[in-house]
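In: Could you look at this predicted model? Sequence included:
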Amino acid sequence: MINAVSPSPPKARFAAAEVHLRGLDAETAGALVATAADVALTLDSDGVILDAAFADPELAKAAYRDWIGKHWVDTVTSDTRPKIMDLLREANNKAPGRWRQVNHPAAADEFDVPVRYCAMRLKAGDRIVAIGRDLRALSALQQRLANAQQGMEREYARIRDAEKRYRLLFQLSVEPVAIVDASSQRVVEANPAAAALFRMEPRRFPGAHFVDLFEPASRQAIQSFVAASRVAPRVDNVLAAVAGERTKVLLSGSLFRQENTSHILVTVARAEAGASGRDEREANLIRVVGAMPEAFVVVDPERRILSANAAFLDLAQVGSEAQARGELIDRWVGRPGVDVEVMFSNLKAHGVLRHFSTIARGDLGLNEDVEVAGVAAPDGGEPCYGLTIRPIGWRAGRERLGGRELPRTVEHFTELVGRVPLKSLVRETTDLIERLCIEAALELTKDNRASAAEMLGLSRQGFYAKLRRYGLGNLDDDEGDG
């Protein structure tokens with residue numbers, strides 16, 4: 001039997017350096033050290049820097065030219081000086097060198113430079129050699145990872161808070177509400193008001209067949225209600241009788257999808273509810289709209305705000321509704337000159353607006369991407385428009401240009417084909433694209449107008465004319481500065 005020989009552990013040093021590296025001269029050794037390390041320092045026994053070599057030209061900027069003749073400990077930040085003293089003490093004692101990370105101070109507008117050092121004393125003489133590895137790339141990667149994790153945690157917290165608010169609203173609503181699976185027609189969830197109406201225990205309500213909650217004479221109407229809800233956005237006021245109670249109710253339903261499954265949101269109202277019942281529901285509706293977490297605002301045909309809920313005041317960063325009432329919605333919503341005109345022309349022409357992407361601007365500098373939905377209410381009094389404004393937040397896969405997200409206005413302009421005159425549609429589309437291209441060129445060239453004009457293939461006179469047209473840049477400066 002052959003005994004298995006376990007491999008010897010890897011060695012930290014050459015086993016026969018005297019034999020294989022015997023002809024190594026000082027110049028070659030220095031070149032090897034400088035090549036292998038990002039930073040290489042030669043010091044005396046007191047830690048005074050005698051010579052230095054840098055692999056990265058960025059590390060050899062003016063901030064490091066005066067290192068020669070200085071104590072090594074004076075080139076690092078105060079919190080990492082004890083590590084330098086430990087490195088020198090171990091090197092003078094010829095102890096095994098350990099790697100330690102220190103930070104070199106940078107200019108006022110830059111971050112400190114992290115470097116990981118190891119020091120050892122030469123066998124002959126009193127010289128110490130310290131080699132360092134630049135950790136800026138690793139530090140930047142760690143910072144990006146930390147920022148991404150914090151962003152994800154904030155997004156998760158926002159989603160959890162929104163779910164908590166909606167669930168609280170669902171449970172406390174005095175109107176019976178149930179969520180029904182559109183395929184199996186079984187109740188998925190119901191609020192306490194619905195359980196009280198159908199005399200069901202709240203824990204046993206989920207899983208009950210929706211049709212069985214009503215009298216046999218009403219089951220055909222319930223089947224038709226469910227079938228209609230599958231194909232129509234909304235079905236209203238279907239009359240039915242509650243099982244065992246013969247209480248007449250009116251059913252309204254809206255279809256929505258969740259996790260690849262269709263559900264119907266069913267609201268129930270007593271059919272015999274009189275004017276007082278309607279007044280109570282309207283009061284409840286007003287309270288719910290005022291407390292809902294998404295911004296809601298009502299504007300007149302002149303686009304001046306008539307009323308707004310608390311979420312809109314938070315988005316606009318104003319203290320009270322009185323400060324917003326009478327102001328133009330353009331002050332807080334939409335990109336100047338394009339978005340608001342398109343939104344309200346669509347509302348006036350068709351009465352509804354869905355999924356319109358734009359931006360919201362707060363008085364204190366908050367800029368946030370939002371999605372606007374709206375409806376026109378021209379009948380029953382003074383004409384007005386209701387708008388809901390929902391922050392879009394971060395979404396994976398969104399394209400970026402110049403550090404900002406591109407708006408999805410191309411989709412919205414496509415939806416307007418056949419609704420808005422072609423001349424207006426082409427003009428607004430061209431203005432939007434032209435403005436975005438000019439802003440991107442200025443940002444990519446760090447506001448160098450001559451380079452931006454050349455990048456866009458424009459003469460400088462034509463480029464400055466477009467800057468004036470869109471109100472971009474500070475045109476009071478000398479145009480010849482570029």
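Out: Noted; the coordinates are in hand. Residues are numbered from 1 along each chain as shown.

In: Please verify my assumption that residue 88 contacts residue 82.
Out: No. When contacts are counted by C-beta atoms under 8 Å, residue 88 is not listed as touching residue 82 (10.9 Å). The way it works is simple: take the backbone N, C-alpha and C, and place the C-beta from them, glycine included.

In: between the two, which one's more packed in?
Out: Between residue 88 and residue 82, counting by other C-beta atoms under 10 Å, residue 88 is the more crowded of the two (21 against 13).

In: Now the more buried one: which helix or strand?
Out: Following DSSP states H and E, one finds residue 88 within helix 81-92.

In: What mean pLDDT does that helix get?
Out: Mean pLDDT, helix 81-92: 87.

In: just checking, what packs against that helix?
Out: Contacting helix 81-92 under the criterion 3 or more C-beta pairs under 8 Å, 6 or more residues apart in numbering; DSSP states H and E are the following elements: strand 100-104, strand 113-121, strand 128-134.

In: and of these, who's closest to residue 387?
Out: Comparing the helices and strands packed on helix 81-92 against residue 387 with C-beta to C-beta, the closest turns out to be strand 113-121 (49.8 Å).

In: Sheet partners, orientation included, of the closest one?
Out: Strand 113-121 sits in its sheet next to strand 100-104 (antiparallel), strand 128-134 (antiparallel), going by DSSP bridges.

In: tell me the angle that strand makes with helix 81-92.
Out: Interaxial angle, strand 113-121 versus helix 81-92 (axes from the mean of the first three to the mean of the last three C-alpha atoms, to 10 degrees): 20 degrees.

In: Kindly provide the whole-number mean pLDDT of strand 113-121.
Out: In this model, strand 113-121 carries a mean pLDDT of 87.

In: any chance you could map the strands in the stretch 301-450 of the chain?
Out: Listed in chain order, the strands of the stretch 301-450 of the chain (DSSP state E, counting those that start in this stretch) span 305-308, 352-361, 367-377, 384-391, 400-401, 404-405.

In: I'd like these laid out as a markdown table, including mean pLDDT, mean neighbour count and distance to residue 431.
Out: Converted to a markdown table, those look like this (pLDDT from 0 to 100; neighbours: other C-beta atoms under 10 Å; distance: least, C-beta to C-beta, whole Å):
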| stretch | mean pLDDT | mean neighbour count | distance to residue 431 |
| --- | --- | --- | --- |
| strand 305-308 | 87 | 20 | 26 |
| strand 352-361 | 84 | 18 | 15 |
| strand 367-377 | 86 | 17 | 20 |
| strand 384-391 | 88 | 19 | 23 |
| strand 400-401 | 40 | 10 | 17 |
| strand 404-405 | 42 | 15 | 18 |
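
In: sorry, back to before: show me the one of the strands paired with strand 113-121 that comes nearest residue 286.
Out: Nearest of those (C-beta to C-beta): strand 100-104, 58.5 Å.

In: just the CA coordinates of that closest one, formatted as PDB?
Out: C-alpha atoms of strand 100-104 as PDB (Å, rounded to 0.1, in the frame of the first residue of the first chain):
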ATOM      1  CA  ARG A 100      -2.400  47.300   7.300                       C
ATOM      2  CA  GLN A 101      -4.700  49.800   5.600                       C
ATOM      3  CA  VAL A 102      -4.000  53.500   6.000                       C
ATOM      4  CA  ASN A 103      -5.400  56.600   4.400                       C
ATOM      5  CA  HIS A 104      -3.500  59.300   2.700                       C
END
